[in-house]
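*Asks:* please work out how this folds:
(2 chains)
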Number of protein chains: 2
Amino acid sequence: MREVKISLVGYGVVGHGVVEVVGRKRKLMRDLGLDLKIVSITDHTGTVISPDGIAPEKVIGEKTLQNVKNSDASSKDIIRSVNSDLVVEVTPTNIVHGQPGLGHMEEALSCGKHVVTSNKGPLVVAYSRLKKLADEKGVMLKFEATVGGTMPLISLIERTLVGNKILGVRGVFNGTCNYILTRMAEEKYPYSFALNEAQELGYAEADPTYDVEGVDTAGKVVILANSVFNMDVKYSDVQVRGITEITPEALILAHKRGYAIKLIGEVPALTVKPMLVPLGSPLAVGSTLNAAAIYTDLSETITVTGLGAGRIETASAILSDIVSIYRTKQIDAIF
Amino acid sequence: MREVKISLVGYGVVGHGVVEVVGRKRKLMRDLGLDLKIVSITDHTGTVISPDGIAPEKVIGEKTLQNVKNSDASSKDIIRSVNSDLVVEVTPTNIVHGQPGLGHMEEALSCGKHVVTSNKGPLVVAYSRLKKLADEKGVMLKFEATVGGTMPLISLIERTLVGNKILGVRGVFNGTCNYILTRMAEEKYPYSFALNEAQELGYAEADPTYDVEGVDTAGKVVILANSVFNMDVKYSDVQVRGITEITPEALILAHKRGYAIKLIGEVPALTVKPMLVPLGSPLAVGSTLNAAAIYTDLSETITVTGLGAGRIETASAILSDIVSIYRTKQIDAIF
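*Replies:* Here you go, the predicted model:
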C-alpha cells in the first residue's frame, strides 16, 4: 500500500468536490494500492492541517475554513512546510498573470511535490517553465481537468492512443457557448435571449465575457498546444473570435444545409472561431457538452465527448490524474 | 529495452495491417522501451519463422504465406514451439464455436504467452474460461480491437476512467448498420437500396446477415458484459433485433421530431435493438462511425467515437494493447 499525502490548495466548488470524491473512493483507491490522505486544506481564510488525514465530515459542510482552520501561515509556507507528496491546486483561475495558482505550483514543484490542477491560468501563462521545473525535480504536473472538464482528452492521447502520431485536435471546449448556440438553433432565440437563459440556469456567469468571447477556449488551445504538441505559445498567439455576433438566422440556414455552428478551438492551427460542423458528426453535440476530435495517423479520427464542467466531474478528473502519477512513476523507473 | 517476441496467427487483412504497423512504429516503440519483433507468421498455408524478426518487406506483398513459408507445422504446434512472448490472434471469427481462434488462444495462454486479438468469436464463446486460464498462468488477454474497432473503449474504461464506477454502456457498435440507417434517413432510401449501396462500397458483405440482424453487435455486448461488468453471459442471453424492418418513413418521422434511429447495443441490459437517439446527442453519429456512451458515477456520461473498422485502425488498437501489457505487467508487480 502506497500512502499519498495530499495538500489541497483552494477550497471553492472544486475543492469541496475533491474532498468529497477522495472520501467516497477511499476503498476503491486502496484496492488499487493507494492510500490517499488529505493532510492539509488551504483557502483565503487559513489552513486546516491534520497529518493523519482530514475527515471529510469535518470540513465538507464549511463554505470556508474560517471556523475549522488551525494555521494562519501563508499558502506558500503551507505548501513548503506541510509533509505532503502532492499538491492539488484549485484556486480561482486568472489567465493574465496566473496568480495565485502560479506561485503555488512553483513552490510545490520546487519542493519536489507533484502538482495536479484544474486551474488553467498558470498553465496558459507559464506551462513551459512549470514543466521544466517539474522535470528538473523529477515530479509530475498533471492537468486533465483544465481542458474539456470530464472529457479524458489528455490521458486518452498520452496513454490510450500511444503508438499514434497526433496530427491535430479540434474541439468544442466551452459548455456555456455550446449551450447558447444550441438554444439559438433549437428555439430561434436571438443571442441575448439565449445568454439570459444560460445565466438564469447558472451555465453562464453574470459577466459572460470570458466564455462568449472565446477567452476560455483560447486558454485551452494554449494548454493543448504546449503540452500535447510541444509548442511554446502564449495566449496572444491564438487568433480568437467569439460567438456574440452569431444570429439565429445563420444557425437556421446552416441547419437547413445540414450543419451546426459551433465555437471550435483548433490545435496546432491556434484558432478559436465559430465553424460549420456537419450534423451527425461527433463534434455536433448539443447542450453544455464538450467534444474533442483527435486526428491521428493510425486510428483516423477519435472523438471524445463529456460534460464541460461540474464539481464532482472535475474532481473525478483530478482523482484520475492522481492515480496516473503513481502508476506512471513506477513505469518510468523500470523502462 | 524490453524485447517482445510476437507470433502472429492469421494473415488476412488485419494480419497484414499488424505487420505494417509494427514496422512503421518500430522507432516510437523503442522510444517507449519496447523492441517488438514478429518472430513467426502463420496462415492456412503454413508458417514463416525467423527468430531475429521477420522483415515486413519479405511478407507484406504476399497475399498468403505459400511462397515464403518455412514450416508446415500445425498452428498450435507453432504457438507452442516458437520462442515467443505474445500471440496476436487475428484469424477469421466464428461466433458459434469460436474456432480456430479459440484453440489458438487456449494453446497460447496454456504456454504462458500473452494474447492480443481482434477476433470476437472465441471471446463470445468462452471469455470466462480464457480469462481464468490467463489469470492462472499470470499472463494477459487483451481484446480492444474486438469491440468498436478504433474506439478505445475498453482501455478508456479500465485506465482513464479509473476511480469511476461504470453504471452502463450503450453504443452504436456496427458501422455497416449505421451506414445503412444514415443513408435511409438522409436520402429517404428504402432499406434494400441502402443495403445495396453499402455492399457496392464494400461496407457490407455479400451476405449481410451477421451485421444487419444484430449478430455482430450482440457479440460485442457479450464481450463487454463479461469483461467490463464481470457478468457470465453467452450469446443466447442477449435479446436481439436487427435493422431489416426499419422503413425510411420511420426514420423521417423520427428526424422531424428531433431523433435519429440507431441500432444500439446495451450493457448490462443485454439488448440489441433499434432505438431513438436525440439528434445532437453523442450517439447520433452518422456514416460508418461507431460510438459508445459510458455511464459513470463520477464523470457522468463520457462518449467516445471512432471508425468501426479498417486494417490499419484495427492494427493500431492491437499495438496499443501490446504496449499496455508491458506497462500494466510492471505496475502489477509493484502494487
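*Asks:* using the three-state scheme, assign residue A:48.
*Replies:* State at residue A:48, reduced to three classes by DSSP: H, G, I helix; E, B strand; the rest coil: strand.
*Asks:* pretty sure it sits against residue A:71.
*Replies:* Yes - using CB atoms under 8 Å, residue A:48 is in contact with residue A:71, at 7.5 Å. C-betas here are computed from N, CA, C, even on glycine.
*Asks:* neighbour-wise, which of the two wins?
*Replies:* residue A:48 (22 against 16; other CB atoms under 10 Å in any protein chain shown).
*Asks:* you'd agree residue A:116 is in a helix?
*Replies:* No - with three-state DSSP as the criterion, residue A:116 is assigned strand and is not in a helix.
*Asks:* what is the burial count for it?
*Replies:* Residues within reach of residue A:116, counting by other CB under 10 Å, total 27.
*Asks:* any idea what it is bridged to?
*Replies:* Here residue A:116 sits in beta bridges with residue A:88, residue A:142, going by DSSP bridges.
*Asks:* map the structural domains onto the sequence of chain A.
*Replies:* What automatic domain parsing lists as the domains of chain A is A:2-148+A:311-334, A:158-307.
*Asks:* could you give me the average pLDDT of the last one?
*Replies:* Summarised as a single mean, pLDDT over domain A:158-307 is 94.
*Asks:* do any residues in it lie close to chain B?
*Replies:* Yes - judged by CB under 8 Å from any CB of the partner chain, domain A:158-307 comes into contact with chain B at A:159-164, A:182, A:260, A:278-282, A:284-287, A:289, A:291, A:296, A:298-307.
*Asks:* which residue packs closest to residue A:171, ignoring adjacent ones?
*Replies:* Nearest non-adjacent residue to residue A:171, counting by CB to CB, 6 or more residues apart in numbering or on different chains: residue A:292, 3.5 Å away.
*Asks:* let me see the contact set for that neighbour.
*Replies:* Contact analysis of residue A:292 by CB atoms under 8 Å, 6 or more residues apart in numbering or on different chains lists A:148, A:151, A:153, A:169-173, A:303-305.
*Asks:* strands paired with the helix or strand where it lies, and their directions?
*Replies:* Assigned by DSSP states H and E, residue A:292 belongs to strand A:289-296. Partners of strand A:289-296 in the sheet, by DSSP bridges, are strand A:166-172 (antiparallel), strand A:301-307 (antiparallel).
*Asks:* the first one: which residues count as buried?
*Replies:* Of the residues in strand A:166-172, those scored as buried under the neighbour-count criterion (16 or more other CB atoms under 10 Å in any protein chain shown) are A:166, A:168-172.
*Asks:* C-terminal to it, what's the next element?
*Replies:* Taking DSSP H and E, what comes next after strand A:166-172 is helix A:175-187.
*Asks:* cool, and the last one?
*Replies:* Note on strand A:301-307: by DSSP H and E, the next helix or strand toward the C-terminus is helix A:311-334.
*Asks:* in that following helix, which residues are buried?
*Replies:* Neighbour counts over helix A:311-334 (16+ other CB under 10 Å) mark A:311-328, A:330-331 as buried.
*Asks:* please list which of those residues are also close to chain B.
*Replies:* Contacts with chain B within those, as defined by CB under 8 Å from any CB: A:312-313, A:315-317, A:319-320, A:323-324, A:327, A:330-331.
*Asks:* tell me the one of those residues nearest residue B:273?
*Replies:* Distance to residue B:273, by CB to CB, is smallest for residue A:313 among those, at 29.9 Å.
*Asks:* list the contacts of residue A:1.
*Replies:* A:30, A:33-35.
*Asks:* confidence score at it?
*Replies:* On the pLDDT scale, residue A:1 gets 88.
*Asks:* try residue A:9
*Replies:* Looking at residue A:9, its pLDDT stands at 98.
*Asks:* what do you get for the one 5 residues further on?
*Replies:* With respect to pLDDT, residue A:14 scores 94.
*Asks:* wait, it sits on residue A:118?
*Replies:* Yes - using CB under 8 Å, residue A:14 is in contact with residue A:118, at 5.4 Å.
*Asks:* from the middle of its chain, how far away would stretch A:70-77 be?
*Replies:* Here stretch A:70-77 is found 26 Å from its chain centre; the criterion is CA atoms, centre = their mean, to the nearest Å.
*Asks:* what's it in contact with?
*Replies:* If you take CB under 8 Å, 6+ apart as the criterion, stretch A:70-77 is touched by A:9, A:42, A:46-49, A:78, A:81, A:100, A:103-104, A:107.
*Asks:* which one of those residues is nearest to chain B?
*Replies:* If you rank the contacts of stretch A:70-77 by distance to chain B using CB to the nearest CB, residue A:9 comes first, at 20.9 Å.
*Asks:* quick one: contacts for the closest one?
*Replies:* By CB under 8 Å, 6+ apart, the contact set of residue A:9 is A:42, A:75, A:78-79, A:87-91, A:104.
*Asks:* go again with 7 Å.
*Replies:* Residues near residue A:9 by CB atoms under 7 Å, 6 or more residues apart in numbering or on different chains: A:42, A:75, A:79, A:87-89, A:91, A:104.
*Asks:* which stretches in chain A count as helices?
*Replies:* Secondary structure of chain A (DSSP state H): helices at A:13-24, A:26-31, A:56-59, A:75-81, A:101-110, A:120-137, A:153-155, A:175-187, A:191-200, A:209-212, A:215-227, A:248-256, A:311-334.
*Asks:* need these in TSV (columns: distance to residue B:53).
*Replies:* Converted to TSV, those look like this (distance: least, CB to CB, whole Å):
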stretch	distance to residue B:53
helix A:13-24	46
helix A:26-31	39
helix A:56-59	54
helix A:75-81	50
helix A:101-110	42
helix A:120-137	34
helix A:153-155	32
helix A:175-187	49
helix A:191-200	58
helix A:209-212	53
helix A:215-227	34
helix A:248-256	53
helix A:311-334	23
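*Asks:* select, out of those, the one closest to residue A:265.
*Replies:* Nearest of these to residue A:265, taken as CB to CB: helix A:215-227 at 4.4 Å.
*Asks:* residue A:185 is in contact with residue A:249, isn't it?
*Replies:* No - counting by CB atoms under 7 Å, residue A:185 stays clear of residue A:249, with 10.8 Å between them.
*Asks:* indicate which one of the helices of chain A is closest to residue B:196.
*Replies:* Residue B:196 sits nearest to helix A:248-256 of all these, at 28.8 Å, using CB to CB.
*Asks:* how about that closest one: buried residues?
*Replies:* A:248, A:251, A:254.
*Asks:* please name the residues that touch residue A:221.
*Replies:* Contacts for residue A:221 (CB under 7 Å, 6+ apart) come out as A:238, A:265, A:267, A:270, A:272.
*Asks:* most surrounded residue in the residues you listed?
*Replies:* The most crowded member of the contacts of residue A:221, judged by other CB under 10 Å, is residue A:265 (31 neighbours).
*Asks:* so what sits opposite that one in the bridge?
*Replies:* Following DSSP bridges, residue A:265 is listed with bridge partners residue A:171, residue A:272.
*Asks:* what sits against it?
*Replies:* Contacts for residue A:265 (CB under 7 Å, 6+ apart) come out as A:171, A:173, A:217-218, A:220-221, A:272.
*Asks:* of those residues, which pair is most distant in space?
*Replies:* Between any two of the contacts of residue A:265, the greatest separation by CB to CB is 12.3 Å, found for A:171 and A:218.
*Asks:* and the domains of chain A as TSV, adding distance to residue B:191?
*Replies:* As requested, the domains of chain A are arranged in TSV below (distance: least, CB to CB, whole Å):
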stretch	distance to residue B:191
domain A:2-148+A:311-334	38
domain A:158-307	19
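*Asks:* please list the residues of the stretch 1-150 of chain A that sit near chain B.
*Replies:* Proximity of the stretch 1-150 of chain A to chain B, by CB under 7 Å from any CB of the partner chain, involves residues A:21, A:25, A:28, A:33, A:150.
*Asks:* quick one, which of those are buried?
*Replies:* Applying 16+ other CB under 10 Å to the residues of the stretch 1-150 of chain A next to chain B flags A:21, A:25, A:33, A:150 as buried.
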